[in-house]
Structure formats: C-alpha cells, structure tokens
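Peer 1: just to be clear, the model below is a prediction. Sequence and coordinates:
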Amino acid sequence: MSYCVNCGVKLDDVLVKCPLCQTIVLNPALIDLKSIHMTANENETFPQQSGQVEEVKRRDLGLLISIILGGIATSALLLNLFVFREGWWSLLIIGVCVILFFLALPAFILTKTPLYIRLLFNALTAGLYLFFISLITPDAKWFTGLALPILGLVTVIVFIFVWLVRSFKAGLLAAALYFFTAAALFCIGLELLIDRYYGNDLRLLWSAIVLTVCAVIDAGLITVLSRRRLRVAVQKRLHF
C-alpha cells in the first residue's frame, strides 16, 4: 500500500494516478515506469509549456504615451487660460511634454530611425524647450545669444563623439579618450561663448584648468592604447 506524494490519499497498487488530485504515481515498485510515462504524455498534470502573455506592440505603447502627454499639455494650457492666468507657466509643462514625446517617438513609433536622426531630434526638442522658456522671461536675448550657440556646440560635439565610437568600434579605453577630449573642447567653447555674449575679452581661464586635466588623462590613455601589453594588463585588471 502506498500514499500520494501530493495529497496523502491511500493508493491501490494498480493505480497510476491519484484519484483525488490526479498526481502521477512515481513508485517504480508499484507500476511499470514505461506505462507511467505513456500515461503522463496522454494527460499531463502540469503542462510542459507555460503560457505567454501577448506582448504589447511598440506602436500601441507609443500611441498611449502620445495620448497621455497630449492630455497633460492640453490640460495645462486650459488651466493657464481659464483658471491660473498669471503668466504663461503652462509653456514649461508643454515643453516637457514635447521633449518626452520626441524622445519616445524613435523608441516606440519610428523604431528604425538612424541614431543621428534621433540625436538631431533631441537637439531640436531641447531648443524648442529653451524657446518656450524665453517666451516667459523678460529678456529673451539669452536665447539667441547664448542658449542656441551652446546647444549647437553640444550637438556638434555629441555627433563627433558618436561618429568616432561607431566608426572605429572603440573599446572602453578609446571611448574614454574621446570623452575627455570632448569634455575639454566643450569647456573651451562654453567659456568663449560666455565671454562673447557678455562682451569680455576672449581668453581661457577656468577652461584652461579643465583642458590641462583632460590633457593629462588623454596622455595616459594614449600611452595605454599604444602599448599592447600595457593595454591587455589594464583590461584584465579592470575586467573589461
């Protein structure tokens, strides 16, 4: 006499399944294993293949995000027009919604959009948000005189950095070299643009410190990259 391993009910010697919970009897002393296997294949207590939930399509998810962002922007605009009328504060919320929409557009709707087009989208949305901010500030000269040039500088540097990494299939060390070089160029350009906007003499002050630090780091990275043994040793010790 044996008992079910699942519910504990007493089993007859001829049973291959528990009459209460339908669990297969797995005692080889009571029943032939081959017959158990055949019976289990005919009527599995637990299916071998688990069910899968249908995946949500990216376009449907993108549509949902668009509706949510559009509803938030519209609600903010209506509240600004009819309830809280002091200033155009809704432009800030609308700008954030526009930025999020354009960030989600390539990821969920235009999934095959090239990377450089996505970067351009990001730059345009950032410029649009800055434009919205300029509409609610007393003096908007900073937008064309400082914000747009800085945004253009960042866009160009990011494009060059991405092109170098993708074109030369850069590893972590080479990518770090490109990054510190780009950081130095950005700081130099930023200080020159600020001096130009305020009418100061074009000279390097704080950006020269950043340039010096980045130059030292770049020199070390170039040394590591140019010597194979040193490069392999660094990669092994840093586990990349």
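Peer 2: Now that the structure is in, tell me what you want to look at.
Peer 1: all helices for this structure, in order.
Peer 2: Listed in chain order, the helices of the chain (DSSP state H) span 33-42, 58-82, 90-104, 115-135, 141-142, 148-167, 172-198, 206-226, 228-238.
Peer 1: so which bits of the third one are buried?
Peer 2: The neighbour-count check on helix 90-104 (16 or more other C-beta atoms under 10 Å) flags 90-102, 104 as buried. C-betas here are computed from N, CA, C, even on glycine.
Peer 1: what's next to it, contact-wise?
Peer 2: Residues outside helix 90-104 that contact it (C-beta atoms under 8 Å, 6 or more residues apart in numbering): 62, 65-66, 69-70, 72-73, 76-77, 79-81, 121-122, 124-126, 128-129, 132-133, 135-136.
Peer 1: before we move on, back to that, in CSV, list the buried residues of helix 90-104 along with pLDDT and distance to Gly152.
Peer 2: Formatted as CSV, the buried residues of helix 90-104 follow (pLDDT from 0 to 100; distance: C-beta to C-beta, whole Å):
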residue, pLDDT, distance to Gly152
Ser90, 86, 27
Leu91, 81, 22
Leu92, 82, 23
Ile93, 86, 26
Ile94, 84, 23
Gly95, 81, 19
Val96, 83, 22
Cys97, 84, 24
Val98, 80, 19
Ile99, 78, 18
Leu100, 79, 22
Phe101, 79, 22
Phe102, 74, 18
Ala104, 74, 24
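Peer 1: how is the protein divided into domains?
Peer 2: Recorded structural domains for the chain (assignment: automatic domain parsing) are 1-47, 57-138.
Peer 1: residues in contact with Tyr116?
Peer 2: Phe159, Val162.
Peer 1: could I get the contacting residues of the closest residue to Phe168 other than its chain neighbours?
Peer 2: In space, and not counting its chain neighbours, Phe168 is closest to Ala174: 6.9 Å by C-beta to C-beta, 6 or more residues apart in numbering. With contacts taken as C-beta under 8 Å, 6+ apart, Ala174 has the following neighbours: Val165, Phe168, Leu221, Leu225.
Peer 1: ranking by neighbours, what's the top pick from these?
Peer 2: Leu221 (21 neighbours; other C-beta atoms under 10 Å).
Peer 1: report the separation between that residue and Phe180.
Peer 2: Separation of Leu221 from Phe180 (C-beta to C-beta, to the nearest Å): 7 Å.
Peer 1: same deal with Leu69?
Peer 2: 36 Å.
Peer 1: picking that back up, now render the helices of the chain as a markdown table, adding distance to Lys17.
Peer 2: Putting these into a markdown table (distance: least, C-beta to C-beta, whole Å) gives the following:
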| stretch | distance to Lys17 |
| --- | --- |
| helix 33-42 | 7 |
| helix 58-82 | 44 |
| helix 90-104 | 53 |
| helix 115-135 | 58 |
| helix 141-142 | 80 |
| helix 148-167 | 60 |
| helix 172-198 | 58 |
| helix 206-226 | 67 |
| helix 228-238 | 57 |
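Peer 1: among the ones you listed, which is nearest Pro19?
Peer 2: helix 33-42 (13.7 Å; C-beta to C-beta).
Peer 1: quick one: average pLDDT of that closest one?
Peer 2: In this model, helix 33-42 has an average pLDDT of 50.
Peer 1: pLDDT weak spots in the protein?
Peer 2: 1, 26-58, 106-111, 170, 239-240 (pLDDT under 70).
Peer 1: 90 instead, please
Peer 2: 1-70, 72-73, 76-77, 80-141, 166-175, 202-204, 221, 224-240 (pLDDT under 90).
Peer 1: which one, of the helices of the chain, ends up nearest to Cys4?
Peer 2: That would be helix 33-42 among the helices of the chain, by C-beta to C-beta, at 14.0 Å.
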